[in-house]
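Participant: take a look and give me a structure for this.
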Amino acid sequence: MWAPVLNNLVVIVTAVVFLVITHHTPQAGALSVTQRLVLSIGTTLGIVAQTVALIPALRAARFRLRPRWDWRGVGLGRAARLASWVFIYVLANQIGYLVIINLASTVQFGISSYTYAFILFSLPHAIVAVSVITALLPRMSRSALAGRLDCGFERSRPGS
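Facilitator: Okay, the predicted model is just below:
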């Protein structure tokens, strides 16, 4: 549950280091090699920290990573059909983004305003939804494995 928080802390430290080594506001595309290294290494270390934080939970669940080469009958056909819908979704998002960027580029500060608004809109989802789902996923997985797919709705109805 705390793995994404650990990633956020590492990225926050990276941002502070970046601000300390940057004495002026850099223009887009005008970052020095050191600034790029700080950003790239810092964000990568955030993902590494998040991954390392999950290792004890994987060990506690007795998870062992063993590659399998017998792929017949493992559901790749079904996954490919589901992935086609995801591909269409991503394509629609990219077309929408292209339209938004073209419209925003006609106004002064339009692209940066859109970017800041999008980040501000996405932040609550990134913090709350990801943390909540991370916390609930083990319980949901145990319920699915046990065949309890009612999600507790039947028990919570008044008068039942």
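Participant: mind checking which helix or strand Pro4 is in?
Facilitator: Per DSSP states H and E, Pro4 falls inside helix 3-21.
Participant: which elements pack onto the helix or strand following that helix?
Facilitator: Remark: after helix 3-21, the chain's next helix or strand is helix 33-60, criterion DSSP H and E. Contact here means 3 or more Cβ pairs under 8 Å, 6 or more residues apart in numbering; DSSP states H and E; on that basis helix 33-60 packs against helix 3-21. Bear in mind the C-beta positions are built from the backbone N, C-alpha and C, glycine included.
Participant: now find how far off-centre the helix it packs on is within its chain.
Facilitator: From the chain centre to the centre of helix 3-21 is a distance of 16 Å (Cα atoms, centre = their mean, to the nearest Å).
Participant: show me what that helix is packed against.
Facilitator: Against helix 3-21 (3+ Cβ pairs under 8 Å, 6+ apart) you get helix 33-60, helix 130-145.
Participant: give me the contacts around it.
Facilitator: Helix 3-21 is contacted by residues 34-35, 38-39, 41-43, 45-47, 49-51, 53-54, 130-131, 134 when judged by Cβ atoms under 8 Å, 6 or more residues apart in numbering.
Participant: count the neighbours of the nearest residue to Ile101 once chain neighbours are set aside for me.
Facilitator: Excluding its sequence neighbours, the residue lying closest to Ile101 (Cβ to Cβ, 6 or more residues apart in numbering) is Ile111, at 6.3 Å. Ile111: 16 surrounding residues under other Cβ atoms under 10 Å.
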